[in-house]
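Peer 1: Sharing a sequence plus its predicted fold:
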Amino acid sequence: MAEHSGEFRGYLAGVGESVQVIIHVEDRRICSVRYEPQAKAGEGDSRIWILPAVWDIQTNGRWGISFSDSNLTVQQVIQIVRAQPSLGTTRILPTLITASRESFLHGVRTIAEACDSDPMVNSMVAGIHLEGPAISDVDGYRGAHPAEHVRDWKFSDFRELQEASGNRIKLVTLAPERPGSEEFIRSVTSEGVVVSIGHTNASDLQIQNAVVAGARLSTHLGNGIAMQLPRHPNQIWIQAAEDRLCASLICDGHHLSNDVIKVLARAKGPERLILVSDHSPLAGMPVGLYGEWAVDPAGKIVVSGTPYLAGSNQNLTDGLSKLMDATGWDFEAVSATVTSNPGRLLGMPLPFLNIGDFWEASIWSVNEVHGSRSIKVLETWIQGEMFEVG
Ligand SMILES: [Zn+2]
């Protein structure tokens with residue numbers, strides 16, 4: 001059993017300015033918070049950062065287990081969710097990709113059951129992300145989603161799923177060109193669900209109409225799209241230029257090149273960018289062939305025999321480092337993409353170091369020596385409980 005008391009010191013991420021804090025924790029709860037002036041020059045190369053909550057709003061599974069599996073078990077959900085703190089993540093949206101109505105129902109019910117049976121899992125699962133089923137059925141745009149289950153949304157189906165999930169569905173990714181999208185977006189956003197645009201072959205007008213109806217995010221912008229596009233207009237430019245849309249990006253070194261990351265990050269700015277792992281169900285698995293998918297020697301996860309990626313194998317720490325490389329932004333700026341930005345998008349602000357609250361934070365070290373950087377998770381605390389970092 002880990003110590004539940006102690007003193008924690010570091011720079012606070014997600015508040016928009018570098019500020020050092022000293023936090024005292026007793027019996028799992030915050031009992032004092034002291035803010036210190038900025039560190040003296042010269043101390044910037046090696047810093048301890050305190051991230052009040054680290055979000056991953058798109059993660060499909062791990063170790064060969066998919067949240068979309070029609071045989072998903074409660075134990076598997078608990079296992080994957082409880083593995084997140086060792087990656088530095090404290091809040092996740094388990095993500096179900098396009099599947100049959102029965103599979104969706106089974107998935108959200110199983111996740112709800114896992115939350116109901118384990119308070120720690122319940123505090124880490126901030127919601128469920130449904131990526132599909134109303135996405136483009138055109139190859140390329142569809143990505144690794146199974147064609148046979150792509151279909152339009154029926155609001156009654158959504159209601160059934162939302163009920164089965166215990167109102168946990170917080171994010172839905174859809175393609176606005178599907179019939180009935182605008183009405184669906186209006187209906188679910190009025191219930192507090194965030195709608196994201198993704199895996200889409202929509203026109204400029206269809207994207208604009210989706211935004212007017214309430215869509216607020218682009219899912220893994222630059223991916224889930226055909227290999228070849230008209231130079232302009234195309235869905236990437238249109239969404240990059242739309243200021244009402246935040247964008248999530250996958251920065252694993254395979255999904256997007258550094259120049260694309262730089263351009264999209266600058267188009268959105270540090271306040272509207274969200275880094276996601278998009279962990280594939282094969283994340284954490286050795287190189288090999290797994291049914292229709294494979295982990296290749298470069299660590300890339302692909303639909304076998306195609307150029308299409310099937311999620312990533314990277315952790316958010318690597319993603320943040322790659323985002324820093326591509327944009328030239330400092331850690332303070334990129335950390336917002338996993339702390340304050342996703343929290344704001346979902347209407348769930350960061351826990352804010354209130355006296356008496358459970359101690360929850362991810363503590364990371366960021367070292368930059370002679371141009372080489374390492375970002376490491378040191379400790380993760382949830383509900384005053386420390387998780388081992390492996
Ligand atoms: Zn996707």
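Peer 2: Noted; the coordinates are in hand. Residues are numbered from 1 along each chain as shown.
Peer 1: for the stretch 51-200 of the chain, what spans make up the strands?
Peer 2: For the stretch 51-200 of the chain, the strands defined by DSSP state E, counting those that start in this stretch occupy 55-59, 61-62, 65-66, 91-97, 128-131, 169-174, 194-197.
Peer 1: Including mean neighbour count and distance to Gly288, could those go into JSON lines?
Peer 2: The way it works is simple: take the backbone N, C-alpha and C, and place the C-beta from them, glycine included. Formatted as JSON lines, those follow (neighbours: other Cβ atoms under 10 Å; distance: least, Cβ to Cβ, whole Å):
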{"stretch": "strand 55-59", "mean neighbour count": "28", "distance to Gly288": "21"}
{"stretch": "strand 61-62", "mean neighbour count": "24", "distance to Gly288": "16"}
{"stretch": "strand 65-66", "mean neighbour count": "23", "distance to Gly288": "16"}
{"stretch": "strand 91-97", "mean neighbour count": "27", "distance to Gly288": "21"}
{"stretch": "strand 128-131", "mean neighbour count": "27", "distance to Gly288": "25"}
{"stretch": "strand 169-174", "mean neighbour count": "26", "distance to Gly288": "29"}
{"stretch": "strand 194-197", "mean neighbour count": "26", "distance to Gly288": "32"}
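Peer 1: closest one to Ser304 among the ones you listed?
Peer 2: Comparison of these against Ser304 by Cβ to Cβ identifies strand 65-66 as nearest, at 15.9 Å.
Peer 1: Direction included, what does the closest one pair up with?
Peer 2: Applying DSSP bridges to the sheet, strand 65-66 is found paired with strand 61-62 (antiparallel).
Peer 1: Confirm for me that Ser280 is in contact with Ala310.
Peer 2: Yes - the criterion here is Cβ atoms under 8 Å, and Ser280 meets it with Ala310 at 5.4 Å.
Peer 1: what residues do those two have in common as contacts?
Peer 2: When contacts are counted by Cβ atoms under 8 Å, 6 or more residues apart in numbering, Ser280 and Ala310 are jointly contacted by Trp293, Ile301.
Peer 1: Can you add distance to Asn258 and give the strands of the stretch 51-200 of the chain back as CSV?
Peer 2: CSV is the format used below for the strands of the stretch 51-200 of the chain (distance: least, Cβ to Cβ, whole Å):
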stretch, distance to Asn258
strand 55-59, 21
strand 61-62, 27
strand 65-66, 30
strand 91-97, 25
strand 128-131, 25
strand 169-174, 25
strand 194-197, 24
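Peer 1: residues in contact with Tyr11?
Peer 2: Counting by Cβ under 8 Å, 6+ apart, Tyr11 has contacts Ser18, Val19, Gln20, Val21, Ala39, Arg47, Ile48, Trp49, Ile50, Glu332.
Peer 1: pretty sure it belongs to a strand, no?
Peer 2: Yes - Tyr11: assigned to a strand according to DSSP: H, G, I helix; E, B strand; the rest coil.
Peer 1: What mean pLDDT does whichever helix in the chain runs longest get?
Peer 2: In the chain, with assignment by DSSP state H, the single longest helix is helix 101-117. Mean per-residue pLDDT for helix 101-117: 98.
Peer 1: And that helix, what's buried?
Peer 2: Buried residues in helix 101-117, counted by 16 or more other Cβ atoms under 10 Å: 103-115.
Peer 1: Tell me which stretches of the stretch 1-150 of the chain form helices.
Peer 2: Taking DSSP state H, counting those that start in this stretch as the test, the helices found in the stretch 1-150 of the chain are 74-83, 101-117, 119-124.
Peer 1: coming back round to it: to Met324, which of the strands of the stretch 51-200 of the chain lies closest?
Peer 2: strand 55-59 (18.0 Å).
Peer 1: got a list of contacts for that closest one?
Peer 2: Residues outside strand 55-59 that contact it (Cβ under 8 Å, 6+ apart): 67, 84, 89-95, 126, 129, 131, 171, 219-220, 248, 274, 276-279, 316, 338-339, 342-343, 345-346.
Peer 1: Please apply the same query to stretch 236-244.
Peer 2: Contacts with stretch 236-244, where a contact means Cβ under 8 Å, 6+ apart, come from 197, 204, 207-208, 211, 216, 218, 221-222, 225, 229, 245, 247, 263-264, 267-268, 272.
Peer 1: among these, which ones are buried?
Peer 2: Buried among the contacts of stretch 236-244 (16+ other Cβ under 10 Å): 197, 207-208, 211, 216, 218, 221-222, 225, 245, 247, 263-264, 267-268, 272.
Peer 1: Tell me which of the residues you listed fall in strands.
Peer 2: In strands, defined here by DSSP state E, the members of the buried ones among the contacts of stretch 236-244 are Ile197, Ser218, Ala247.
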